[in-house]
Structures are given as C-alpha cells and as structure tokens.
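Trainee: need a structure here:
(3 chains)
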Amino acid sequence: MELQLLNTLRDHNPIVFNIANFVTVQDVANGLNALGASPIMSAEVQEAETMVQIAGAVCINLGTLTTTQIDQMRVVGKLANQYHKPVVLDPVAVGAVPYRKEVALALLSDFQVDVIRGNAGEIAALAGMDWQAKGNDAGSGQGDLVEIAQACAQQFQCCVILSGPTDVITDGQRVVKVANGTPLFQRHVGSGDLLSSIVAAFTAVSPTDVYQAAQVACLVLAGAGELVASQLTADRPATFAIDLIDRLSLVTVSEIQTIAKVD
Amino acid sequence: MELQLLNTLRDHNPIVFNIANFVTVQDVANGLNALGASPIMSAEVQEAETMVQIAGAVCINLGTLTTTQIDQMRVVGKLANQYHKPVVLDPVAVGAVPYRKEVALALLSDFQVDVIRGNAGEIAALAGMDWQAKGNDAGSGQGDLVEIAQACAQQFQCCVILSGPTDVITDGQRVVKVANGTPLFQRHVGSGDLLSSIVAAFTAVSPTDVYQAAQVACLVLAGAGELVASQLTADRPATFAIDLIDRLSLVTVSEIQTIAKVD
Amino acid sequence: MELQLLNTLRDHNPIVFNIANFVTVQDVANGLNALGASPIMSAEVQEAETMVQIAGAVCINLGTLTTTQIDQMRVVGKLANQYHKPVVLDPVAVGAVPYRKEVALALLSDFQVDVIRGNAGEIAALAGMDWQAKGNDAGSGQGDLVEIAQACAQQFQCCVILSGPTDVITDGQRVVKVANGTPLFQRHVGSGDLLSSIVAAFTAVSPTDVYQAAQVACLVLAGAGELVASQLTADRPATFAIDLIDRLSLVTVSEIQTIAKVD
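Mentor: Model prediction:
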C-alpha cells in the first residue's frame, strides 16, 4: 500500500468539497483539517460549479438529506463527473430507510461515483443483498462481507469500502482488508462520515488510482484511532474523538506502518 | 426511583429520533450514543414515517425552528401518536420569542406530547404564567417553580420537567425534585437539549411510565455532571462537556445512587 | 486599548444573535458562552424582529449561505439598522467564490455594517484588490495588508478586521495591529467565525465605539489562544480548541495585558 500518499496529501493540502451531514459536520471539517486537507462545505446549488472547480474531490453524505439537498447532490455529482473530480458517496442509513435507498439508487444512476463508503447494512442494501440494518448502525446479517462489497462494487462500477471492525476495500475484483481500529470508533458518532471525507481527501491526491486512495484512507484513520485507543485507560468516547483529531495531525507514515494489519 | 432503567437502556440500545437544534446536535448525538442509546436525526418529512417506526421515542426541539421544520414536527408528532411512540418536546426560547410560543402551542394542540422539558422561562410561558425569560436562558421570576410546572403539566396533560439548579418533575399531581448538578451545565450550550433527548431515550425503555423515565433521565444526567464537576479544579466549560459525555458512557447505577439528592 | 471591556461584557452578558455557519456553530456558541455572552441562533425570518430586539448585536456569517438564508440576512440587517444594533459581517470565502462576493456586495448595499471581519483573501475581494484566495483560506498575495483593510473600510464606511498571524484593525483612517496568536488558530476550523461573533459581543457593550470593541475582541481571542498554545507540547488542534473555550471563560484582563503585542 502506498502509505506515502499521506505525505503527498499534507504537501498538497487538497480542498475537499463536502455535502455534509449536519450532525457531524464540525468533526469532519476538523478531522480533514488536522489530517492536512482543506474542507469546504456548501449547501447552495448556485455556487456548486465554483465549489467543484476549486475542489480536488467531492464527498456526498446522505446523513441528513432533504429534497433540496438531493437536488444539490445531483447537480454537484454531474459537475464532478464533468470536471473529472473524484466523488465519494456515503449512503447513510440506506439499509434502514427505504426512501434513502431510493434516493441513493437514483443518484447512482444520475452520475458516476468513484467510491462508496458504508457499513455492512448500507452496502448490502445497495447491492440488493439480505441484511438487517439498525437505524444508522450496521446491524447484523449472515452474508459474507467480501461478497457483499464486491457485488456492490460490480453493480456500480466503482470502488467500495465496507467499513467495520475490519474494513473491506474492493474494486469489484481485488480485495484488501484493514484490520486496524478500535471499538471506540462505534462509540463516537460520525466515524463513518469522517472516513468518507478522508477517503475523498486521498482521492484528490490520487485521482487515477482511487482504489489505492481508499486503502490508505482506511489504514490512516483506523491506525490513528488504534494508536489513540491504546493510550486510553477507559472507554471515553469524547476524549477519543478529541485525541483522534489531534492524532490525525501528528501521525506519521512510519507510526502507521509499524502497526498496520493489512491483508 | 427505578434507576435500573439505566441498565435497561444500555441493554436495549433504543433508537431516538431527534428533530434537532443544529447548534447542539453533535453533542446531543454523542451524549445519547455514550449513554447507550442510538441517535438518529432527520430533516426530511418524506422519511418521517420510517423514522418514527424504527424509533423507540421522538424528541422534538424548537431550538432552531424553520417553517419547513415546523411542518415536519407536526407530521412526526402525529405519526408518533399513531404508532404509540413517546414524544418529548423541548420548547426552546418560547419565553422570549412570541412566535415560538405560538408555534409550540399550535403543535401541542395538533398532537399529544408525553413530556415537555424546558427551563423556568419556557415552562412558565407555556403555562401562561408570569416570568421574565432572557433569550434562550431561564431568566428570573417570582413564581413557585413547582406550581408553574404543575400548571403546565395539567394544561397539556403530560409530564413536565422544569429543569434548572433543581429539576422539578411532575405529572401534574405528583412532584419529584432532583437537586444534583453543577453550575457548569449552564456554562455549556446545549445541556437542556441533551437532557430532553436523554429523557426521550428513557421513555423508549419505559413507555408505560414516562414520569418514571423523566425522573431517571434527570438524575442520571445531573448526577453524571456532578461527578464530573467534582473532579475539575477550575471553571472549564469545554472540558466539562467532554468529560460529561465520557461519564455518560461509564457511570453506573450505584455511583449515581450514592450521590442522589432526590426529594 | 480599553481591555476593561472584557469585564463589562461579563457583567452585562449581552445576547448575540448569530446567522451562523452550520459547520462551526457549536464552537461559536460555546465560545461566546464561555466568554460571558449569551448566544442565540435563528434560521427563521418570522422571528427576525424579536431576535434583533432582544439582541445586543448581530453577527451575519456567510459560511454556509443558502438563498433562503440570504433573504433572512437582508431582513435581519435592515432590522438591526432600524433598531440601532451593531452588525458584524463575516464574508466567508468571498475571495474564492464569485457568487459569494456578489451576495456580500448586495448585502452591503442593502444595510449598513459596523464591522467586517475576514482574512486577507476575503477583505481584498470586497475591496476589489488583487489577491489569490484558496477556498476558505486566506491564500497569498503581494498587497500591503494595511492598505487593503483601509480600502475596504473606506469603501463600506465601517470598521474592518483583516485577521491573520497579525490582525489589522482599521476604521479607514486609524490602524491598530494585534500580533498575538498562535498558528493553531489556522489548524482548527472556525477560528475566524468565532472571532467575528466575539467582535459582535464586544460591540454589544460598546455600540458607540465599535472600533474599540473590534480591537479588544481581537486581543482577547488572540491572547487567550496564545496562552493556551504556550502550554501545549505538540500540535494538537482539537485539544487547542477545547482549551481555548475553557480559557475564554477563565482569562483575566491582567493576563492579557501582560502578553499584549499591540502596535
């Protein structure tokens, strides 16, 4: 894995344009900033073209969608395709909410996405496979996670990250698993949103190989979180979130290489 | 008081659907998550029915209302009644802003609320009693807080929490007071919003006795805050907020029982 | 400089009405609260008049503008003029996004602003001077920052704060520079938004001398940040943000006087 992309990202400070989940937007912006990217959030379609032009990549998050925002997502997605900017889609809660699944499928037919990042329940729903999601959470199911991720990637001809205790990254054929992390990611709201935006940041500095970008993003975030958790003596989700953002600013390629569990 | 409801909540991990105040939504989501509930926020009326169906309870917060959001609140409130899901209303700033009072009264006539949680200025305004609110803050007045809370509860036939240095919880007849807490709650924005959503979380695991749920919610949050404050050596509102969320994750029934000041 | 305004602010606890950037709104609210002001955020034009009436000052932030919000900004700005409440404008990203520059110029022709607070790229754009902004960031250019700030102040007949490593404060003629601060302000999203709202808080207690209020606001925030940074042993942007809010609550006039670098 080309972990040096972390240094490339810090050198280039790419702008990531986020159509954001308003619940977690502050943490996402701070996480991107700490990592070395430059976040920009916009909710107004009239500035969509400029935002896409100045951005290195786009992250579209369905977390708190509205019909107005869906219109903006459609315009932004098409513009991103037109300007050849990578697009990451975070299909929050499509496993639990049929309306969201409809919206996500419609968007996926309107423009081409480079990476879909979701939990097992979300990726299974997009792939049309059986799974019991629970609200925003992954839920539980019997399916093979690699097969689910591959089916989703093949269907939408993109890279898929099925994130969880082990992140599964696939381009439909090849598969990489990142087993780093900590259960504290599930104890803090917005870990998935942050991952999606960090994936976008890495695609901005690796637009011709988003599969590589996706892997590095997963390993950097999971590794930083694991390093933070190893120094906490109790289950402190808010302290974890603060330390995680600090660590995204400080973590080095060699620190991550030392603990990497990549398969 | 049935403090064991805290363990019940952690065992059941209820989904709480919040129509949220965007100022404090991230803290509320993290607080709910830390406590053991599963927060979901939605701003789109087209997914309202699914959200109500998957939720164990609903919390409607007027903190940053818009006309679009008010329409959503009305639909969600009626659906919650239809699906027998407990509804908590947080009437932010109805004491200071006549438009908000109108909105709150209209909503209260459109659907049945199980718990209203507000400060003295807000509860007095809904009860039609004399009080000087100040913006989002409680303000000051001469009335008896128990009488104000009871009048409000009787008028809307629901449970009322008038929160402050001492929380007054009433079903219109019975009254319980929780005297735990710390002045730091007032130094951090969103303490009231968090309490309202935590009340909703407890009603989800005690839908047939929301009066009990309201008491436990007040004691758990006030107790956790008091425990945090007792370990701070200075008036640090941001550190307090972080430690509070951590503590909501860690606090046990017996820790709270030891310090409970319930009357 | 009349640093005693900090004590005046804490004595008066002024309400600051913010039309907010949703990315940073929670930090801004907590920062204002910690400092000793009382934040209120509203997104609904139907309550605009009450909000302006109860507020001591208004802060209008373009950070996540929408056409609906622009309409609200126009109404609120005119009402603030009518009720003689100071208005602070934060023209986020007008240097990078032509649409935002148009919006800002239209608003500036619709009502009178007391203070404009932006980075070099934003202030240069409003003044019609040459500069390369980068997204939300200041970018780089060759112009003299004092000349840029003065030109902007003269054009809009208001006070201008061009903030950065050194803050330049001018009423178009007089100039004060505040050289306190820390690079960590740039590592945390929303430092500029917080400064703008803190400026509004100080104008609320110094409405007849907003130039004085602007200087004190810059020095208090930059000084508090410098004090925090001097105690951090590494580049920890999230810890910085938490400690900064704590410090806004604790910092004294004499602590700031001791380190003030004002020119």
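Trainee: For A:L3, grab the count of nearby residues.
Mentor: Neighbour count of A:L3, defined by other Cβ atoms under 10 Å in any protein chain shown: 18. Just so you know, the C-beta spots here come from the backbone N, C-alpha and C atoms, and that holds for glycine as well.
Trainee: pLDDT on whichever strand or helix holds A:A124, on average?
Mentor: When elements are defined using DSSP states H and E, A:A124 is found to belong to helix A:120-127. In this model, helix A:120-127 has a mean pLDDT of 96.
Trainee: which residue ranges form the strands in the stretch 101-250 of chain A?
Mentor: For the stretch 101-250 of chain A, applying DSSP state E, counting those that start in this stretch gives strands covering A:115-118, A:132-134, A:137-140, A:159-162, A:167-170, A:175-178.
Trainee: Output the fourth one as PDB, nothing but the C-alphas.
Mentor: Right, the one you point to is strand A:159-162. Below are the C-alpha coordinates for strand A:159-162, written out as PDB (Å, rounded to 0.1, in the frame of the first residue of the first chain):
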ATOM      1  CA  CYS A 159     -14.600   1.100  -5.500                       C
ATOM      2  CA  VAL A 160     -16.500   0.100  -2.300                       C
ATOM      3  CA  ILE A 161     -15.400   0.400   1.300                       C
ATOM      4  CA  LEU A 162     -17.500  -1.800   3.600                       C
END
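Trainee: If you count contacts, what does that strand end up packed against?
Mentor: strand A:115-118, helix A:120-127, helix A:145-156, strand A:167-170, helix A:210-229 (3 or more Cβ pairs under 8 Å, 6 or more residues apart in numbering or on different chains; DSSP states H and E).
Trainee: hmm, who's touching it?
Mentor: For strand A:159-162, contacts defined as Cβ atoms under 8 Å, 6 or more residues apart in numbering or on different chains pick out A:114-120, A:123, A:145, A:148-150, A:152-153, A:167-172, A:195, A:199, A:210-211, A:214, A:217-218.
Trainee: Name the nearest residue to A:T166, ignoring sequence neighbours.
Mentor: Distance criterion Cβ to Cβ, 6 or more residues apart in numbering or on different chains; nearest residue to A:T166, sequence neighbours excluded, is A:A179 at 4.8 Å.
Trainee: neighbours of that neighbour, just the number please.
Mentor: By other Cβ under 10 Å, 14 other residues sit near A:A179.
Trainee: how about it, what does it touch?
Mentor: A:165-166, A:261-263.
Trainee: what is A:S38 paired to in the beta sheet?
Mentor: Per DSSP bridges, the residues bridged to A:S38 are A:I15.
Trainee: who touches it in this structure?
Mentor: Going by Cβ under 8 Å, 6+ apart, A:S38 touches A:13-16, A:32, C:134-137.
Trainee: out of those, which is most surrounded?
Mentor: A:V16 (30 neighbours).
Trainee: ok, now how distant is that residue from A:A214?
Mentor: 14 Å (Cβ to Cβ, to the nearest Å).
Trainee: One more: A:V178?
Mentor: With the distance defined as Cβ to Cβ, A:V178 ends up 10 Å from A:A214.
Trainee: which residues are in contact with both of those two?
Mentor: Joint contacts of A:V178 and A:A214 (Cβ under 8 Å, 6+ apart) are A:I169.
Trainee: got the residues of chain A near chain B?
Mentor: A:22-27, A:63-67, A:93, A:96-100, A:134-137, A:187-190, A:234-239, A:241-242 (Cβ under 8 Å from any Cβ of the partner chain).
Trainee: Narrow those to just the buried residues.
Mentor: Neighbour counting by 16 or more other Cβ atoms under 10 Å in any protein chain shown classes A:22-27, A:63-66, A:93, A:96-97, A:99-100, A:134-137, A:187-190, A:236-239, A:241-242 among the residues of chain A next to chain B as buried.
Trainee: ranges for the helices of chain A?
Mentor: A:5-12, A:25-35, A:48-54, A:67-82, A:98-110, A:120-127, A:145-156, A:184-187, A:191-204, A:210-229, A:237-250, A:253-259 (DSSP state H).
Trainee: returning to that earlier point: show the pLDDT at the residue nearest to A:T166.
Mentor: As predicted, A:A179 sits at a pLDDT of 97.
Trainee: Most tightly packed of the helices and strands packed on strand A:159-162?
Mentor: Highest mean neighbour count among these (mean count of other Cβ atoms under 10 Å in any protein chain shown): strand A:115-118, with a mean of 30.
Trainee: List the neighbours of it that are in contact with it.
Mentor: For strand A:115-118, contacts defined as Cβ under 8 Å, 6+ apart pick out A:86-92, A:94, A:123, A:126, A:152-153, A:156, A:158-163, A:192, A:195-196, A:199-200, A:203, A:210, A:213-214.
Trainee: Apply 7 Å and report the result again.
Mentor: With contact meaning Cβ atoms under 7 Å, 6 or more residues apart in numbering or on different chains, strand A:115-118 is reached by A:88-91, A:126, A:152, A:156, A:158-163, A:195-196, A:199, A:203, A:210, A:214.
Trainee: and the closest residue to A:G56 other than its chain neighbours, how many neighbours?
Mentor: Excluding its sequence neighbours, the residue lying closest to A:G56 (Cβ to Cβ, 6+ apart) is A:A204, at 2.9 Å. By other Cβ under 10 Å, the residues close to A:A204 number 26.
Trainee: Please apply the same query to the one 3 residues further on.
Mentor: By the measure other Cβ under 10 Å, the count of residues near A:P207 is 16.
Trainee: got the contact list for it?
Mentor: A:P207 makes contact with A:P86, according to Cβ under 7 Å, 6+ apart.
Trainee: circling back: would you mind measuring from the residue nearest to A:T166 to chain C?
Mentor: Using Cβ to the nearest Cβ, to the nearest Å, A:A179 is found at 26 Å from chain C.
Trainee: what's the answer for A:T68, then?
Mentor: 8 Å.
Trainee: cool, and A:V103?
Mentor: Using Cβ to the nearest Cβ, we find A:V103 at a distance of 20 Å from chain C.
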